[in-house]
Structures are given as C-alpha cells and as structure tokens.
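> Just a sequence and a predicted model for now, questions to come.
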Amino acid sequence: MSEREIRKERAFRKKLNQEARKIISHSIHQGVKLVVHRPDFDMKNRKEYEDLKIGLMPIVREIARKTLPLLEHEISSEFVKNHYYGSKFQAESIVNKDFRYFLKKRPPTESPSLVVGLRIDESASMTAFGRLEAAKRAALAVYEFCQICEIPVSIYGDTADASKLEQMSIFAYADFHKKDPDDRYRIMGIRGRSNNRDGMALRVLADRLAESSQQTKLIISISDGQPKAMPDYTGSYAVKDMQQTIAEYERKGITFLAAAIGQDKEVINEIYGKERFLDISNLHELPTQLVRIIARYL
C-alpha cells in the first residue's frame, strides 16, 4: 500500500478500537483488555483465495443469479413495508405500535435494505474436524454474495486470552463502513487461536449494525462450542450474558442466527433458542446454506 493508504488504514483501525471499547464500557466486559485488529494479507493469502474461489464462486453466482431478478422486480415495482408515510396503508402493521403503517415504493436507485454481520468463532477447538476450513469458505461465500448483490457486510472473527495484555481480540476482516476489495484476501487469515468470549464479540458487532440505516439487520454467528474465557466467563454466567446481549439488540432491530458446527449444539441451541438455531450437520454445505439464508432475507 502507499503511505497515504497505510495512514488511512491505521486511522480506521484506531477508530474501530475506540468505538469497540466504548461499546463495552457499560457492560460486564468493561474491564476486559480489548484489541481490534485489521489483519494484513500477503501473497499466500491471495493464492489461497484463488484456490478456494474455484469451487465456491459457481455456487455463489448461481444463487445470486436467481436472487438479482427478484431484487430488480422489488426495486422497480414493489412496495417496501413499514414506513412512517407512503402511498399504501398496511392495516396489519397496527399491532406493531411503532407508527410504521405505510407501504412506500422503493426508488430504482435504492439498494436492498439489508445489512449482514458474520461472526466467526476463532477458538482453538475450531481447528478440529475441518470446522475452521468450513467457516473460512462460508465467510468467503457470504462476502462474495454480498458484493454481487450490493449488500453491506461486516465479517469479524474473535478469540479470548491471547495474552494478559490482550484478553479479547477481534479481527475486522471486512467492515461495511470501509469497503475494500482486498478484504477477500484478509478473510483467508481466519484461524483457530485461543478461548472465546462470545457475548462480547456479539455486542461489538451488533452495536455497529444497529447504527446502520438498513431496515433488516442480520447477524450470523458460526461457532463450535459454548463460551469459555478466563477467569470465569463460562457456564451459566456466560450463557446469561449472551442471552441478555441478544435480547438487548433484538430490541434494537437485530436478527440473530447461530450456525452450530461442533459438539456443543445443544448448549448453543439453549443459548440462542430454537428459532435462531441452525444445526449444520454437513460442513461442506455450510457456505451454500448461509448464502441461501441471506438471500431469503432480501
């Protein structure tokens, strides 16, 4: 990168850290030492991307090909629900009591009102049984699908207890506030690291999505196990934190889904609830499943 690009990247990373620390400052995680990284990439990452996309992109393009005509029809001739004003009244919306009772025709220049956040558990256990590779392929598929359909997307990974000075590490591989075509290479840096402090990771990502202007805000969490971080973030304490975080941000319009890809599926189901739970039995199908799920929210 040029010196100017390096300075901009550093400034963006600094902003990410400031905002993330502010987000957790009034939560149970306020004393946790947090670092948000903006990962670099190299030729090895580029080569890995080129190898992975050979098998993924035909699937992604096919799903996008079927989705885009629906979006075009929606933009040109359909009505968008839940507006404070518009040309059609929707009586069924009165039960929501939020005054969004009208349908409004979407102008041709307006993109689909969806923003996507993908959270990747980068705990050490993710390296077993091909889980991490499946998560990386899924992250890449989600990223490329969102680029084709012009959907804002953030892809974050996280781990806990990397060191005493870095009790929580968040890796911003892609962030919809700063679109960068090189993010597809950053995603190749996803790997298994240490423990997982799930509630904190969800809080940071959810807060960023909550501020977006899109009507539908979807977060998908890919994880293989229950939360566990030092010194005592585990068991019912961690579960309660995650459930409170989910409830808090659902009130702010966030939709959560949990893709369980490991041995603790029952615990993940208990944490998120069956209506938010995705039981991924075939890891090879994970990328396709997630892309199709996102397409249904358009």
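That came through fine.
> and Ala134, what does it touch?
Taking Cβ atoms under 8 Å, 6 or more residues apart in numbering, we find Ala134 in contact with 261, 283-284, 286-287. C-beta coordinates here come from the backbone N, C-alpha and C atoms, glycine included.
> do that again at 6 Å, thanks
For Ala134, the contacting residues are 283, 286, by Cβ atoms under 6 Å, 6 or more residues apart in numbering.
> Pull out the buried positions in the helix or strand where it lies.
Here Ala134 sits within helix 131-148, counting by DSSP states H and E. In terms of neighbour count (16 or more other Cβ atoms under 10 Å), helix 131-148 has its buried residues at 131-147.
> again, but for stretch 174-182
174-176.
> Name the member of those residues with the shortest distance to Arg21.
Asp175 (16.0 Å; Cβ to Cβ).
> mind listing what's buried in whatever helix or strand comes next after the helix holding Ala134?
The C-terminal neighbour of helix 131-148 among helices and strands, as given by DSSP H and E, is strand 153-163. By neighbour count on 16+ other Cβ under 10 Å, the buried set for strand 153-163 is 153-162.
> ok, which stretches of the stretch 151-298 of the chain are helices?
When assigned using DSSP state H, counting those that start in this stretch, the helices of the stretch 151-298 of the chain occupy the ranges 183-186, 198-210, 235-250, 265-272, 286-296.
> any idea which of those helices is most buried?
For the helices of the stretch 151-298 of the chain, the largest average neighbour count (mean count of other Cβ atoms under 10 Å) is found in helix 198-210, namely a mean of 24.
> quick check: mean pLDDT across that one?
In this model, helix 198-210 has a mean pLDDT of 98.
> how distant is that helix from the center of its chain?
Offset of helix 198-210 from its chain centre (Cα atoms, centre = their mean, to the nearest Å): 9 Å.
> Alpha carbons of that helix, in PDB - could you do that?
The C-alpha trace of helix 198-210 is given here as PDB (Å, rounded to 0.1, in the frame of the first residue of the first chain):
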ATOM      1  CA  ASP A 198     -18.900 -14.800  22.700                       C
ATOM      2  CA  GLY A 199     -21.100 -12.200  24.400                       C
ATOM      3  CA  MET A 200     -18.500  -9.500  24.000                       C
ATOM      4  CA  ALA A 201     -18.000 -10.300  20.300                       C
ATOM      5  CA  LEU A 202     -21.700 -10.300  19.600                       C
ATOM      6  CA  ARG A 203     -22.100  -7.000  21.400                       C
ATOM      7  CA  VAL A 204     -19.400  -5.200  19.400                       C
ATOM      8  CA  LEU A 205     -20.700  -6.500  16.000                       C
ATOM      9  CA  ALA A 206     -24.400  -5.900  16.900                       C
ATOM     10  CA  ASP A 207     -23.800  -2.400  18.000                       C
ATOM     11  CA  ARG A 208     -22.200  -1.500  14.700                       C
ATOM     12  CA  LEU A 209     -25.100  -3.000  12.700                       C
ATOM     13  CA  ALA A 210     -27.600  -1.300  15.000                       C
END
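> And the contacts of it?
20, 23, 29, 115, 117, 119, 156, 158, 168, 217, 219, 227, 241-242, 245, 249, 252, 254.
> and what of stretch 34-45?
13, 16-17, 20-21, 166, 168-172, 185-186, 188-189.
> swap the cut-off to 8 Å and go again
Applying Cβ under 8 Å, 6+ apart, the external contacts of stretch 34-45 come out as 9, 12-13, 16-17, 20-21, 24, 166-173, 182, 185-186, 188-189, 200, 204.
> same check, this time on stretch 161-172
By Cβ under 8 Å, 6+ apart, stretch 161-172 touches 13, 16, 20, 29, 32-39, 122, 154, 156-160, 189-190, 193-195, 197, 200-201, 204, 229-230.
> Give me the buried subset of the residues you listed.
Buried among those (16+ other Cβ under 10 Å): 16, 20, 29, 32, 34-39, 122, 154, 156-160, 189-190, 193-195, 197, 200-201, 204, 229.
> what's the spacing between Asp175 and Leu132?
Taking Cβ to Cβ, to the nearest Å as the measure, Asp175 falls 21 Å from Leu132.
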